[in-house]
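Chemist: sequence first, then the predicted structure, then my questions.
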Amino acid sequence: MAEHIFSKKVKCPYCLKQSETPRVLSRHIRPQEVAKDGYTTYDGANPYFYEPTVCSHCHLVFHDSFDKVRKTNREALETGYFDRVNAEALDGDRSAEHVIRLYKFAVVTAQLSGQKPSVVAMLGMRLVWMYRLMGNEASEKEWMKRTLDKYNEVQEAYTDQVRTGLPYDQLMLRIADLSAALGLYEDARRWYGILLGSKEVSERIRTQARSHWEDFRIEHA
């Protein structure tokens, strides 16, 4: 195993058995630059490549953000995932292509197992970033659209941070930024306007929204 990688013990949210999965040692995580949508470039090992976990017992692909699978969702996983997945398709070397495949499986298992929609959206953003890393603009845009749809779904059903999985102002900023990235001018303008005018928005998010909105206006002047 490479010197920057260690084995972390994790519990599967489905079978509840313990597996080991590769992760990047914290001292080797060296962020360089953060894009508007949160995508971070790293000097050296990229932790995004090690976030999906494959259970060595039942072969579920999952993420640390998954909650324990409830009984009401187990049948959907069994028929929609376990009965169809080929365990050999999960093996790989953590290359970009392999990790994209794992993230796509994680999107499926998140939906089937009833994870929060915000978790599904987060996994969608990871796929946006992975395709960006590969220089595949068409697939990056495709997953931007899918992720924006999911974040809009989260927004429409929003209750509170605990049950939804992220703060409302952060959710609005992600919707605004994705709308801007997809060239949806009116949608971006509306969400940035809400962020800049609401008293419920944190100063950190408001500052980011103002900067992103100014950049978007200049680009579309």
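Modeler: On my side now, so go ahead.

Chemist: give the buried residues for the longest helix belonging to the chain.
Modeler: What stands out as the longest helix in the chain, according to DSSP state H, is helix 137-156. The neighbour-count check on helix 137-156 (16 or more other C-beta atoms under 10 Å) flags S139, E140, W143, M144, R146, T147, L148, K150, Y151, N152, V154, Q155 as buried. Placement of C-beta: from N, CA and C, glycine included.

Chemist: for the third one, give me its contacts.
Modeler: The one in question is W143. W143 makes contact with G124, M125, L127, V128, Y131, according to C-beta atoms under 8 Å, 6 or more residues apart in numbering.

Chemist: and for the fifth one?
Modeler: Residues in contact with R146, defined by C-beta under 8 Å, 6+ apart, are G124.

Chemist: give me the pLDDT value at it.
Modeler: Looking at R146, its pLDDT stands at 98.

Chemist: thinking again about what came up before, any idea which of the contacts of W143 is closest to A181?
Modeler: Closest approach to A181 among the contacts of W143 (C-beta to C-beta): V128, at 8.9 Å.

Chemist: which one is W191 nearest to, not counting chain neighbours?
Modeler: Excluding the flanking residues, the one nearest W191 by C-beta to C-beta, 6 or more residues apart in numbering is A176, at 3.6 Å.

Chemist: what's the spacing between the helix or strand encompassing the one you found and its chain's center?
Modeler: Secondary structure from DSSP states H and E places A176 in helix 168-181. Chain-centre distance of helix 168-181: 14 Å, with C-alpha atoms, centre = their mean, to the nearest Å.

Chemist: and the next element down the chain from the longest helix of the chain?
Modeler: helix 161-164.

Chemist: which SSE is the closest residue to A89 other than its chain neighbours in?
Modeler: Using C-beta to C-beta, 6+ apart and skipping the chain neighbours, the partner closest in space to A89 is R101 (7.0 Å). Element membership of R101 [criterion: DSSP H and E] is helix 96-112.

Chemist: rewinding a little: I'd like the buried residues of helix 137-156 laid out as JSON lines, including distance to M172.
Modeler: Shown next, in JSON lines, are those (distance: C-beta to C-beta, whole Å):
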{"residue": "S139", "distance to M172": "26"}
{"residue": "E140", "distance to M172": "22"}
{"residue": "W143", "distance to M172": "20"}
{"residue": "M144", "distance to M172": "17"}
{"residue": "R146", "distance to M172": "19"}
{"residue": "T147", "distance to M172": "15"}
{"residue": "L148", "distance to M172": "12"}
{"residue": "K150", "distance to M172": "14"}
{"residue": "Y151", "distance to M172": "9"}
{"residue": "N152", "distance to M172": "11"}
{"residue": "V154", "distance to M172": "11"}
{"residue": "Q155", "distance to M172": "7"}
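
Chemist: how many residues are close by the residue nearest to A89?
Modeler: 16 (other C-beta atoms under 10 Å).

Chemist: now swap in L184 and tell me
Modeler: By other C-beta under 10 Å, the residues close to L184 number 17.

Chemist: for the protein, which segments count as helices?
Modeler: Using DSSP H, helices in the chain cover 71-77, 96-112, 117-134, 137-156, 161-164, 168-181, 185-197, 203-219.
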